[in-house]
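Undergrad: Here's my sequence, what's the structure:
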Amino acid sequence: GLYCTALLVAMAFATSADAADVKALKKQAKKQIVAGELAEAITTVKEIGVAGGEDAIDALFDLGTIEQGLTEKLYEAVAGEMVRQSGVVPNLLERYSKVKSKPDFRDRVFVTDIMTRSNNPEARAALIQFLDDESDFVRSAAVSGLAKSKHADGVLPLINLLEELSKKRRDVLYDDVRDALYDLTGEDYELIEDWKNW
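TA: Modelled structure (predicted):
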């Protein structure tokens, strides 16, 4: 009884200390990034990932969307740790719903990239939802994500988007959707009717 109580108290203390640790690690990573100490920053990012939980997801999100000093290697480290986090998809869906109507689309593109990397049914459903985003950058990232998933979930939503785009305009996004459909199906129809019949 006493041992269990002591263990529970220790676990509760460790959990509350973890939130403070993650904050400190995030602050440390930002300083390292500003100072150009990228190898050290990547190590710190991995420590945040090991800490896990909502605080880690929030810290990693902040680091993955900073404007200055974010190199491709550092971004890959942050994205890799994000994908490993338990509960990352619901967390990011909630975050997306809060920013989906804001003009700055960069956070939504980051969310889309993490969903692409997650490649599970819940993440693919999110990518399908992102096809309706106001930003073509987000829509294009979602199209690319569905193509990379190599899963049939994306085919019908992409055909529907292609139909919508063919009525309005034929631009880069239109071409992206056609390329994605080709990647997923091996088919390259010109007419929407042919896609629907397929």
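
Undergrad: So which residue is dead centre in the protein?
TA: Centroid-nearest residue in the chain, with CA atoms, centre = their mean: I114, separated by 2.1 Å.

Undergrad: neighbours around K196, how many?
TA: Close neighbours of K196, defined as other CB atoms under 10 Å, add up to 12. For glycine as for every other residue, the C-beta is placed from the backbone atoms N, C-alpha and C.

Undergrad: ranges for the helices of the chain?
TA: For the chain, helices defined by DSSP state H occupy the ranges 2-34, 38-51, 53-64, 72-84, 88-99, 106-118, 121-130, 136-149, 155-168, 172-185, 192-197.

Undergrad: Pretty sure A152 sits against L184.
TA: Yes - counting by CB atoms under 8 Å, A152 touches L184, with 7.3 Å between them.

Undergrad: Of these two, which one has the most company?
TA: Neighbours per residue (other CB under 10 Å) separate A152 from L184, with L184 holding more: 19 against 10.

Undergrad: separation between the more buried one and Y96?
TA: 23 Å (CB to CB, to the nearest Å).

Undergrad: shaky segments in the protein?
TA: Low-confidence segments of the chain (pLDDT under 70): 1-17.

Undergrad: thinking again about what came up before, the residue nearest to the centre of the chain and L165, how far apart?
TA: Taking CB to CB, one finds I114 at 25 Å from L165.

Undergrad: what's the answer for I57, then?
TA: 33 Å.

Undergrad: Looking at the two, which has the bigger crowd around it?
TA: For I57 versus L165, the count of surrounding residues by other CB under 10 Å is larger for I57: 24 against 18.

Undergrad: so how far is stretch 127-144 from its chain's centroid?
TA: Taking CA atoms, centre = their mean, to the nearest Å, one finds stretch 127-144 lying 12 Å from the centre of the chain it belongs to.

Undergrad: Stretch 116-127 now?
TA: 9 Å.

Undergrad: ok, now stretch 23-33?
TA: Worked out by CA atoms, centre = their mean, stretch 23-33 lies 21 Å from the chain centre.

Undergrad: Which positions within it qualify as buried?
TA: Across stretch 23-33, burial judged by 16 or more other CB atoms under 10 Å covers L25, K26, Q28, A29, K30, Q32, I33.
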